[in-house]
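Enquirer: here you go, sequence then predicted model.
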Amino acid sequence: MKAEPILHIKNTALGEGPVWDYRTGKLWWVNIPHGLIHHYDPKTGKNTTYSVGQMVGGAIPCKSGGLILAMQHGFAFFNPETGEMKNIIDPESHLPLNRFNDVKCDPKGRLWGGTMAINPPRDAVGALYCLDADLTLTKKVSDIKVSNGLAWTKAADKMFYIDTRQFKMMSFDYDLETGNIENQQDFLNFGSELPDGMTIDENDNLWAAFYLGGKVVCFDSRNGKILDQIDVPALCTTSCTFGGDDLDTLFITSGMKEGDELGGALFAVKPGVKGRKADFFG
């Protein structure tokens, strides 16, 4: 099965972090290095762009309105209508060459996001953080190289987490009431392949994008078995999420690479399964 391009904005160096807002029927996604947040309406084809003035690793809708951002300099609330930014906390102000890279909310509305070094060689200087609805911040995992995809099972008893440059997907036992994680294990190891962002469908199967792989692969979250693959005509496939009126469309982001005609484009495909509604902050 092959994904098709639906939007191609020039100079999208690193498209990432797609989130479907089922309340509005629109897709949020970001261009990390240019500090841009995009808001795409697939019914009209209109894409609105907001600049936040620093690298932005992810933008998640808040239950109360607006967005919460994970950026080069920490977490902040952002009002797209007014452009107002309200900083929350920068847990790595002592590491100015780190930035946030990917964020997701758990079913309780906690924000999870991790960091990475901006420049190679991508040493293990990043970490995974959890920001609670009361804005309490906790460091959950240390010694991360490139923090990436996050997903929770429908029962919210398992959390999955990707470190791209350690070439693996980890699993944790998850306590939804407290946000505690235990029993860290390497769920999947990918050799030299680069797993990137991911999502999870209504059947608890994981869909992971592969950077420099030009694909999204579906894995059984119980045993890691490969169930499906979506070919993407852009080498630097970065992340994916389910959206559309019936949550049956997989939206896929990508990044630019020299000679890659569709690098940076937004893609879509209907893989024959549905996703779950995104969880928002708060």
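Expert: Okay, I see it. Residues are numbered from 1 along each chain as shown.

Enquirer: show residues contacting the lengthiest strand in the chain.
Expert: Longest strand of the chain, by residue count under DSSP state E: strand 180-189. Residues from elsewhere that reach strand 180-189 (Cβ atoms under 8 Å, 6 or more residues apart in numbering): 140-141, 159-160, 167-175, 195, 219, 224. C-beta: built from backbone N, CA, C; applies to glycine.

Enquirer: do stretch 275-282 as well
Expert: Under Cβ under 8 Å, 6+ apart, the answer for stretch 275-282 is 19-22, 60-64, 68, 104-111, 133, 154, 199-202, 241-243, 247-248, 250.

Enquirer: now those: which count as buried?
Expert: Buried residues within the contacts of stretch 275-282, defined by neighbour count using 16 or more other Cβ atoms under 10 Å: 19-21, 60-62, 68, 104-106, 110-111, 199-201, 241-243, 247-248, 250.

Enquirer: looking at the residues you listed, which are in helices?
Expert: Of those, none are assigned to helices by DSSP state H.

Enquirer: which ones among the residues you listed lie within strands?
Expert: 19-21, 60-61, 68, 104-105, 111, 199-200, 241-243, 250.

Enquirer: pretty sure residue 229 contacts residue 2?
Expert: No - assessed by Cβ atoms under 8 Å, residue 229 is found out of contact with residue 2, at 10.0 Å.

Enquirer: these two: which has the busier surroundings?
Expert: Higher neighbour count among residue 229 and residue 2: residue 229, with 16 against 11, using other Cβ atoms under 10 Å.

Enquirer: residue 214 versus the more buried one, what's the distance?
Expert: 10 Å (Cβ to Cβ, to the nearest Å).

Enquirer: what does residue 11 give?
Expert: Residue 11 is 20 Å from residue 214, by Cβ to Cβ.

Enquirer: repeat for residue 243
Expert: Where residue 214 is concerned, residue 243 sits at a distance of 21 Å (Cβ to Cβ).

Enquirer: next one: residue 125
Expert: Taking Cβ to Cβ, one finds residue 125 at 29 Å from residue 214.

Enquirer: who's more crowded, these two?
Expert: residue 214 (20 against 16).

Enquirer: so who does the closest residue to residue 8 other than its chain neighbours touch?
Expert: Spatial nearest neighbour of residue 8, chain neighbours left out: residue 265 (4.0 Å); criterion: Cβ to Cβ, 6 or more residues apart in numbering. Residue 265 sits next to 5, 6, 7, 8, 9, 12, 15, 234, 254 when contact means Cβ under 8 Å, 6+ apart.
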